[in-house]
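Trainee: What follows is a protein structure lacking sequence information:
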């Protein structure tokens with residue numbers, strides 16, 4: 001099965017659908033993302049980009065409300081805190097301070113810009 005995300009004019013994910021792998025095959029039987037995207041467009045209209053539930057393509061699985069960044073070729077979730085920074089390699093937001101390795105559970109305290117122990 002192949003997963004495709006429909007994006008709007010702002011590259012925001014509107015929905016994600018699943019199609020058969022056979023709908024991504026060209027005339028020679030080769031699987032292509034562009035063929036699947038065209039299949040989705042012909043079926044439902046819109047602009048479609050392939051995604052993967054195991055993050056094997058486009059860095060992260062697309063979900064409704066996420067953003068597709070073509071320059072990074074990745075789907076990006078919303079930023080959880082104003083202080084967090086986007087990692088362009090993983091397309092994930094990261095805290096400005098590393099998570100503690102003391103064996104305890106922590107939560108991010110935005111006011112103090114640190115990890116607080118639960």
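Mentor: Happy to help now that I have it. Predicted, not measured: the structure shown is a model, and the values here were computed from it. Numbers count the residues shown, from 1 in each chain.

Trainee: Need phi/psi at the residue in the chain sticking out farthest from the centre.
Mentor: Within the chain, the residue lying farthest from the chain centre (Cα atoms, centre = their mean) is residue 102, at 30.3 Å. For residue 102, the backbone dihedrals (degrees, to the nearest 10) come out as phi -90, psi 0.

Trainee: what pLDDT does it get?
Mentor: We have a pLDDT of 95 for residue 102.

Trainee: Over to the one 5 residues further on?
Mentor: For residue 107, the model assigns a pLDDT of 97.

Trainee: Buried residues, the helix or strand hosting it. List them.
Mentor: According to DSSP states H and E, residue 107 maps onto strand 106-109. Neighbour counts over strand 106-109 (16 or more other Cβ atoms under 10 Å) mark residue 108 as buried. (Each C-beta comes from the backbone N, C-alpha and C, glycine too.)

Trainee: which residues are in contact with it?
Mentor: 80, 81, 95, 99, 100, 114, 115, 116, 117, 118 (Cβ atoms under 8 Å, 6 or more residues apart in numbering).
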